[in-house]
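J.: Any chance you could fold what I've pasted below:
(one chain, ligands or ions: 1)
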Amino acid sequence: MANGARILLIIGGGIAAYKGLELIREFKKRGHDVRGVLTTAGAQFITPLSVASLTGDVCYTDLFSLTDEAEMGHIELSRDADLIVVAPATADLMAKMANGIANDLASTVLLATDKRVLAAPAMNVRMWLHPATQRNLAQLKNDGVTFVGPDSGEMACGEYGPGRMAEPAAIADAAEARLKAGGTVIPLPPGTDSRIDKARPAAKAQIAAKAADVPPRIAHAAKNGPLAGKSFLITSGPTHEPIDPVRYISNRSSGKQGHAIARAAAEAGAKVTLISGPVNIPDPPHVETVHVESAREMLAAVEKALPADIAVFAAAVADWRVATSAKDKIKKGPGGPPALALAENPDILATIAKSRKRPRLVIGFAAETEKVIEHARAKLKKKGSDLIVANDVSPATGTFGGDANTVHLVSADGVESWPALSKDEVAQRLVKKIADAFKPR
Ligand code: C5P
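T.: Residues are numbered from 1 along each chain as shown. Model (predicted):
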């Protein structure tokens, strides 16, 4: 179980919260799946977005609606993991745990769980040595919670002594040791039914998912998510247009934005097919990815993947290809450089938007280096899409290959400009907008 375990990491409010982020990386590096809960105090030190970016999952906070059937309830959240790790475990969190107080998401999850709990305390030396904390520590040990750290050393507050949170690698070692021990921490009395398959749809999806090897949240989203039952087609990345067997024409697209949209759509419950040009990033999870090289291959793959309810054309398709690519490598010779005759590539977006198989919602992208909105408006009409997501890719913006994007949504209704966001956030907002468009009115 130590390999590929599911860990629920609860990050409390202390200066060591930033090490919680390093801990996510450490767990991921070791092949574990991490889901993050950030307490309100923890969110004073690090943002839910950084937790979500590193876990690749939503970050659960007190602001997150756990009452919505579309989301995971706190009971499932507490039981879905193989191990709960509390790091940093603040004096406050330890006190709540020791006394069975459940007045926020983290403490409720800790009280509702039937899983083992590992805590990595971090606090000021006097708070750690205070009889109240030591009493709570003894109580928690007695309740079956295990501890790693705290280490001794100089503290952020300037004092010296025990209270520094253990290093992420040491916490990960302790977590793996704890996982190897297996089992649940609280045996239920005879006659008590701990199965949650009679409960909510999320729990049922969780059990079905185990059989299908799909994470519960994806299985749950596929039934209850805002895009449940919808087929979603997306192109991403550049295309390579061969000059000869070793050379090609291409562009600087990284595929990050398109892949992020594919991932977000899958998280929202859609059945996603991603047609990807050559990129250096991994295939998104729970998405059927088809790898292509050239624009013509991309068009063929898109046509094969239809019908779909939604199509997003985020690929930076090369406008031209070499009319006749050479069968063998072109050699330098006395005749000077070869003259490359170019031919226009098919416009995939325009072809599909005007075809009989047109998806109900067609979205294009427009990468521009000047007059961004003006060009996007023209493209909306010319290509026949419902929406154009326009972005400025002039070199100064760092959009191509970077992690941030500033976009303008241009539709028949007008222009909606979003602030600079991470590509993941653009993806999530866009998917939400798409889901809203499909909501029954
Ligand atoms: O014309 P331009 O390349 O700026 O248009 C961008 C939009 O059209 C993007 O959504 C892109 O994926 C799509 N496109 C396409 N096939 C092409 C060129 C662009 O699907 N050959």
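
J.: What residues does this protein have near the ligand?
T.: Where the chain comes near the ligand, counting by Cβ under 6 Å from any ligand atom, the residues are 235, 295, 313-315, 317, 345, 347-349, 364-366, 379, 383. For every residue, glycine as well, the C-beta is placed using N, CA and C.

J.: Need the contact partners of the strand or helix carrying Leu23.
T.: Assigned by DSSP states H and E, Leu23 belongs to helix 17-29. Outside helix 17-29, the residues that touch it by Cβ atoms under 8 Å, 6 or more residues apart in numbering are 7, 9, 11, 34, 36, 42, 45-46, 50-51, 54-55, 85, 87-88, 165, 167-169, 171-172, 175.

J.: Helices - which of the residues of the chain next to the ligand land there?
T.: Here DSSP state H is the test, and the residues of the chain next to the ligand give Ala295, Ile348, Leu349, Lys379, Lys383 as lying in helices.

J.: For burial, what's the neighbour tally of the residue nearest to the first one when sequence neighbours are not counted?
T.: Distances taken as Cβ to Cβ, 6 or more residues apart in numbering place Asn345 nearest to Ala295, at 3.9 Å, with adjacent residues excluded. For Asn345, the count of nearby residues is 18 (other Cβ atoms under 10 Å).

J.: you'd agree Asn345 is up against Arg321?
T.: Yes: with contacts counted by Cβ atoms under 8 Å, Asn345 reaches Arg321, the gap being 5.5 Å.

J.: Now do the shared contacts for those two.
T.: By Cβ under 8 Å, 6+ apart, Asn345 and Arg321 have these common neighbours: Glu241, Ser294, Ala295, Arg296.

J.: pLDDT below threshold where in the stretch 251-400 of the chain?
T.: 397-400 (pLDDT under 70).

J.: Tell me where it has helices.
T.: Applying DSSP state H, counting those that start in this stretch to the stretch 251-400 of the chain gives helices spanning 256-267, 295-305, 348-353, 372-383.

J.: Please spell out which residues along the last one are buried.
T.: Right, the one you point to is helix 372-383. Val372, Ile373, His375, Ala376, Arg377, Lys379, Leu380, Lys383 (16 or more other Cβ atoms under 10 Å).

J.: In contact with the second one, which residues are there?
T.: Translated: Ile373. Ile373 touches Ala390, His408, Val410, Val415, counting by Cβ under 8 Å, 6+ apart.

J.: Now, of those, which are buried?
T.: Taking 16+ other Cβ under 10 Å as the criterion, what is buried in the contacts of Ile373 is Ala390, His408, Val410.

J.: right, and out of those, which lies closest to the ligand?
T.: Lowest distance from the ligand to those (Cβ to the nearest ligand atom) belongs to Ala390, with 9.3 Å.

J.: Just list the residues touching the residue nearest to that closest one when sequence neighbours are not counted, thanks.
T.: Leaving aside its chain neighbours, Ala390 sits nearest to Ala376 (3.5 Å; criterion: Cβ to Cβ, 6+ apart). With contact set as Cβ under 8 Å, 6+ apart, Ala376 has these partners: Ala366, Glu368, Ile388, Ala390, His408, Val410.

J.: The fourth one contacts Val372, correct?
T.: It refers to Ala390. Yes: using Cβ under 8 Å, Ala390 is in contact with Val372, at 5.1 Å.

J.: Quickly list what's touching both of the two.
T.: With Cβ under 8 Å, 6+ apart, Ala390 and Val372 have common neighbours Ala366, His408.

J.: Please report how far the closest residue to Ser152 other than its chain neighbours lies from Ala177.
T.: Leaving aside its sequence neighbours, Ser152 sits nearest to Pro162 (Cβ to Cβ, 6+ apart; 4.7 Å). Using Cβ to Cβ, to the nearest Å, Pro162 is found at 21 Å from Ala177.

J.: same deal with Ala266?
T.: 33 Å.

J.: who's more crowded, these two?
T.: Shown here are Ala266 and Ala177; by other Cβ under 10 Å, Ala266 has more neighbours (24 against 13).

J.: And the more buried one, how close does it get to the ligand?
T.: From Ala266 across to the ligand, the span is 20 Å (Cβ to the nearest ligand atom, to the nearest Å).

J.: what's in contact with stretch 320-328?
T.: By Cβ under 8 Å, 6+ apart, stretch 320-328 touches 241-245, 249, 294-296, 340-345.

J.: Which member of those residues is positioned nearest Gly402?
T.: Among the contacts of stretch 320-328, Ile249 lies closest to Gly402 (Cβ to Cβ), at 22.5 Å.

J.: And the nearest residue to Met298 once chain neighbours are set aside, how close does it get to Glu344?
T.: Excluding the flanking residues, the one nearest Met298 by Cβ to Cβ, 6+ apart is Val292, at 4.8 Å. Separation of Val292 from Glu344 (Cβ to Cβ): 18 Å.

J.: who has more neighbours, the two?
T.: Set Val292 next to Glu344 and count neighbours by other Cβ under 10 Å: Val292 wins out with 21 against 10.

J.: Kindly report the domain assignment for this protein.
T.: Taking automatic domain parsing as the criterion, the chain consists of the domains 6-218, 227-437.

J.: what distance separates the last one from the centre of its chain?
T.: Put simply, domain 227-437 sits 20 Å off its chain's centre (Cα atoms, centre = their mean, to the nearest Å).

J.: Same question for the longest one.
T.: From the chain centre to the centre of domain 6-218 is a distance of 19 Å (Cα atoms, centre = their mean).

J.: So which residues of the stretch 151-300 of the chain form strands?
T.: Assigned by DSSP state E, counting those that start in this stretch, the strands in the stretch 151-300 of the chain fall at 151-154, 160-164, 231-236, 241-242, 248-249, 271-276, 288-291.

J.: tell me the most buried of these?
T.: With neighbours taken as mean count of other Cβ atoms under 10 Å, those reach their highest mean count in strand 231-236, at a mean of 27.

J.: what angle do it and helix 295-305 make?
T.: Computed with axes from the mean of the first three to the mean of the last three Cα atoms, to 10 degrees, the direction of strand 231-236 lies at 170 degrees from that of helix 295-305.

J.: Each with direction, which strands does strand 231-236 pair with?
T.: Sheet pairing here is set by DSSP bridges, and for strand 231-236 it gives strand 271-276 (parallel), strand 310-313 (parallel).

J.: among these, which is nearest Pro285?
T.: The closest approach between Pro285 and any of those, judged by Cβ to Cβ, belongs to strand 271-276 at 10.3 Å.

J.: re earlier: quick one: which of the contacts of Ile373 is nearest Thr61?
T.: Distance to Thr61 across these (Cβ to Cβ) is lowest for His408, with 29.4 Å.
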